[in-house]
Each structure stands twice: as C-alpha cells, then as structure tokens.
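Undergrad: Predicted structure and sequence below. I'll ask about it afterward.
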Amino acid sequence: MMTIRRANERGHANFGWLDSWHSFSFGSYHDPKHMGFSDLRVINEDRVLGGEGFPSHSHRDMEILSFVLEGALQHQDSTGSGGVIRYGDVQRMSAGRGVTHSEMNGSRDESVHFLQIWLLPERAGLPASYEEKHFAPEDKRGRLRLIASRDGAEGSLTLHQDARVYASILDKGQEVAHAFARGRRGWVQVARGRVLVNGKELAAGDGAALSEEASVALAGAEPSEVLLFDLK
C-alpha cells in the first residue's frame with residue numbers, strides 16, 4: 001500500500017526569515033494523523049534568508065540529519081563540532097542526553113534550502129555526537145546511494161536506529177529500484193523534480209509512505225533528486 005502526502009498538504013510556517021514546510025507535526029503545526037512514520041519523526045523543508053538562522057537551542061534523544069539542496073548551512077554545537085555544509089554534504093547530529101546547537105545561513109546574501117530530518121533513536125540517553133560526509137552528485141546519479149545507516153555501511157553516516165537512508169539523482173527516464181525485507185516499510189521524499197514512484201507521479205515536496213510493499217521503483221519524470229528511507 002502506498003499513501004501519498006502531497007506538498008501542499010504539509011504544515012507551513014513563514015516567519016519572513018524562515019519559510020518551512022512540515023511533512024509531519026512540528027512546532028505549532030499539529031495533526032494527529034501525521035505524527036511521523038515508523039521511526040521517522042520529522043521532515044522539514046526549510047529556506048532561510050541570508051544572514052539569518054536558528055540561534056542556539058537544545059535537543060535530546062533524536063537523530064537529526066541535515067541535507068543541503070542549495071546554499072550553505074553553518075553549524076555549531078556544544079560537542080565542539082562546527083562548520084559549513086553545502087550541496088552534497090549531509091550532517092548527522094545525535095542529540096542523545098542533550099546537545100545545544102545553532103544553525104545559521106552560511107551566506108550573508110544568498111538563501112539556504114535544506115531538508116532537516118529527525119529519526120527516533122533506538123534508545124534514550126546516548127552520548128551526543130556529530131558526523132558529516134560529502135556525497136558527490138556522480139555517486140548518486142542513476143543509483144540509490146546509501147547516505148545513512150545503523151552500521152555506517154558503504155561509507156554512510158552512522159545512525160543510532162535500524163534505518164537506511166538513500167539518495168538518488170535521476171535524469172528523465174532513469175530508473176532505480178529497492179527491495180524491502182519482509183516486514184520493512186519505506187518513505188519516499190522528492191527533493192526536486194518529478195518522480196514516478198511505483199507508477200504514481202510525485203513532485204518536489206511530495207512524500208509517500210510504503211507499507212506491505214515488496215519493493216519500490218523510482219523513475220525520473222524529469223531531472224530529479226529523491227530520498228528513500230528503509231524503516232522497520
């Protein structure tokens with residue numbers, strides 16, 4: 001079964017400096033029908049104006065991925081980690097027992113466009129930690145590139161959860177497929193372009209929940225970028 005979550009059905013908040021769309025309940029947006037999917041709790045599509053950002057704030061017991069689509073995102077946290085990530089970079093922060101961090105636009109002039117993704121950890125009270133890696137476009141083009149996993153397989157980021165996250169760049173007509181182990185579920189998030197997901201067309205910002213599906217086929221209806229989550 002596939003359930004599509006259209007981009008315009010998401011929660012929305014616009015503070016001037018921040019334009020944010022929420023696939024699941026977040027902040028002042030609350031919908032009991034959309035509280036997450038499996039261990040996937042948050043997918044926020046954020047655009048932050050130049051020179052703006054999220055000042056220092058705290059999290060705990062959450063696996064947080066930042067996936068930059070355009071611009072530069074500057075990160076600083078209480079573990080001593082920090083830096084600027086750009087397109088192709090993916091950041092993982094395990095909030096664990098508690099971490100304080102800030103996320104600012106790394107440019108004074110250009111906006112930054114990124115996805116922030118939260119997954120529930122396998123257990124509470126883990127040590128806070130930070131990791132970032134670069135995944136070049138050519139490594140994602142026409143294939144599903146593993147970018148985060150429980151065991152850090154294939155050079156991916158390490159998650160404290162039984163989940164595997166893939167990224168793919170598809171030209172028009174290119175296809176990739178993924179088989180789910182028995183009992184596993186999936187979520188597809190279209191970052192840009194238009195993608196056929198098991199024959200159904202999804203556009204940028206759309207998501208799809210997959211349950212009791214043996215596999216998923218993704219085909220570019222136009223040049224596209226997409227994330228796939230393999231979840232328990």
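TA: Nice, thanks for sending it over. Values in this document were obtained by computation on a predicted structure and should not be read as measured data. Residues are numbered from 1 along each chain as shown.
Undergrad: use CA for all of it now, contacts and neighbours both
TA: Noted.
Undergrad: What's the separation between His59 and Asn105?
TA: 19 Å (C-alpha to C-alpha, to the nearest Å).
Undergrad: Out of the helices and strands in this protein, which is least certain?
TA: For the chain, using mean pLDDT, DSSP states H and E, the weakest element among its helices and strands is strand 53-59, scoring a mean of 84.
Undergrad: quick one: strands adjacent to that one?
TA: Its sheet considered, strand 53-59 pairs with strand 99-105 (antiparallel) by DSSP bridges.
Undergrad: contacts for the partner strand?
TA: Strand 99-105 is contacted from outside by 48-60, 71-79, 111-112, 128, using C-alpha atoms under 8 Å, 6 or more residues apart in numbering.
Undergrad: can we see that at 7 Å?
TA: With contacts defined as C-alpha atoms under 7 Å, 6 or more residues apart in numbering, strand 99-105 is touched by 48-60, 72-78, 112, 128.
Undergrad: Would you show me how to pick out the buried ones of the residues you listed in PyMOL?
TA: In PyMOL syntax, the buried subset of the contacts of strand 99-105 is picked out as below (16 or more other C-alpha atoms under 10 Å):
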select buried, resi 48+49+50+52+53+59+60+72+73+74+75+76+77+112+128
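Undergrad: Would you map the helices across the protein?
TA: 137-140 (DSSP state H).
Undergrad: residues touching the residue most central in space within it, list them.
TA: With distances taken as C-alpha atoms, centre = their mean, Ile117 lies nearest the centre of the chain, 4.1 Å away. Contacts for Ile117 (C-alpha under 7 Å, 6+ apart) come out as 42-44, 64-66.
Undergrad: separation between it and Phe67?
TA: Taken as C-alpha to C-alpha, the span from Ile117 to Phe67 is 8 Å.
Undergrad: likewise Leu126?
TA: 23 Å.
Undergrad: who has more neighbours, the two?
TA: Neighbour totals were compared for Leu126 and Phe67, and Phe67 leads with 23 against 17 (other C-alpha atoms under 10 Å).
Undergrad: Verify the stated contact: the more buried one with His113.
TA: No. Assessed by C-alpha atoms under 7 Å, Phe67 is found out of contact with His113, at 8.9 Å.
Undergrad: on that earlier part again, list only buried entries from the contacts of Ile117.
TA: Buried, going by 16+ other C-alpha under 10 Å: 42-44, 64-66, out of those.
Undergrad: Adding pLDDT and distance to Ala191, write those out as a markdown table.
TA: Shown next, in a markdown table, are the buried ones among the contacts of Ile117 (pLDDT from 0 to 100; distance: C-alpha to C-alpha, whole Å):
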| residue | pLDDT | distance to Ala191 |
| --- | --- | --- |
| Val42 | 98 | 15 |
| Ile43 | 98 | 11 |
| Asn44 | 98 | 11 |
| Ile64 | 96 | 17 |
| Leu65 | 97 | 14 |
| Ser66 | 96 | 13 |
